[in-house]
Each structure stands twice: as structure tokens, then as C-alpha cells.
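In: here is my input; please provide its structure:
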Amino acid sequence: MSLYNVFDVSGSGMSAQSVRLNTTASNIANANSVSSSINETYKARHPVFAAEMTKAMSSQAKGVNVLGIVESDAPLKVEHNPNHPLADSDGNIYKPNVNVVEEMANMISASRAYQTNVQIADAAKQMLTKTLQMGQR
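Out: Modelled structure (predicted):
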């Protein structure tokens, strides 16, 4: 793998972690939303990644591919609250299936992974700079 491909791989890693951070932020922002029906209730979202290992070994390295974003199939939270303005005919309100503690852990992990990819790109840049400086002497 060429040293130049490191920039492609770390760049795709940063892009993937950015998607992860955005979906996590969306989940946290909607964690306390309330709805009057199951179909309208916010469902936690998570990105799906795929490693591009076969391309990484060739000259066309890509690193990480974001396949898409899927909704969680965990059950929604149902609360009996007949006095709530959004309560359905049975007196129930529906809350998202977002676990805020889990989402905060995801955010910390994604942030650290993003930072690691930045450090990798910086190290590759420094190596290339030193290599170019060797030719000047």
C-alpha cells in the first residue's frame, strides 16, 4: 500500500465516524420526544459500515464504506399517561427506544476513532514531508 493511500483510508474513516457522530447526536436529541402512535415515534438509528479490505490491498484503497443507516428494532417505550395532550385513545404515549447512556458511549467511541484517523493522516503527512526533505540535501 502506498503512503498516499493512507490519506484515502484515514479520510474514509473520518467520514464514517462523522456519520456515526451525526446519527448519535440525532438519537440523543430525540431521546425525550413523545408521540401519540407507534408509527410516528422516533426510532434510534445506527450506521452500518463495511471494510473495504480487498481494495485496501490494491492501489485503490478506500478504507471504510458507509452502507446506510438502519432503525433499531428494539421495542418502543409505552407509558400510560391519560392526561398527556398526545395520549392515544387508550391513554398511552410512546417514547423512542433510545438508550442515552449507550448513545453517549457511542459518541465517545466515535470521537476517539475520528481523532485517531486525524493522527494517522498527520503522521503520514509528516513522513511524506521528511521523505521530500531527504531529497533536498
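In: for this protein, which segments are assigned as helices?
Out: 3-29, 53-56, 100-134 (DSSP state H).
In: could you check the angle the last one makes with helix 3-29?
Out: Helix 100-134 and helix 3-29 meet at an angle of 160 degrees, taking axes from the mean of the first three to the mean of the last three Cα atoms, to 10 degrees as the criterion.
In: now do the contacts for the closest residue in space to residue 6 that isn't next to it in sequence.
Out: Once flanking residues are discounted, residue 6 sits nearest to residue 124: 4.1 Å by Cβ to Cβ, 6 or more residues apart in numbering. Glycine gets a C-beta too; all of them are placed from N, C-alpha and C. Residues near residue 124 by Cβ atoms under 8 Å, 6 or more residues apart in numbering: 3, 6-7, 10.
In: show me which of these are buried.
Out: 6-7, 10 (16 or more other Cβ atoms under 10 Å).
In: any stretches of this protein with poor pLDDT?
Out: For the chain, the stretches with pLDDT under 70 are 1, 52-62, 137.
In: most centrally placed residue in it?
Out: Centrality entry for the chain: nearest residue to the mean C-alpha point is residue 20, 0.8 Å, by Cα atoms, centre = their mean.
In: how close does that one get to residue 116?
Out: Going from residue 20 to residue 116 by Cβ to Cβ, to the nearest Å gives 13 Å.
In: for residue 40, same thing?
Out: According to Cβ to Cβ, residue 40 stands 39 Å off from residue 116.
In: hmm, back to that, now render the buried ones among the contacts of residue 124 as JSON lines, adding distance to residue 96.
Out: Formatted as JSON lines, those follow (distance: Cβ to Cβ, whole Å):
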{"residue": "6", "distance to residue 96": "39"}
{"residue": "7", "distance to residue 96": "38"}
{"residue": "10", "distance to residue 96": "33"}
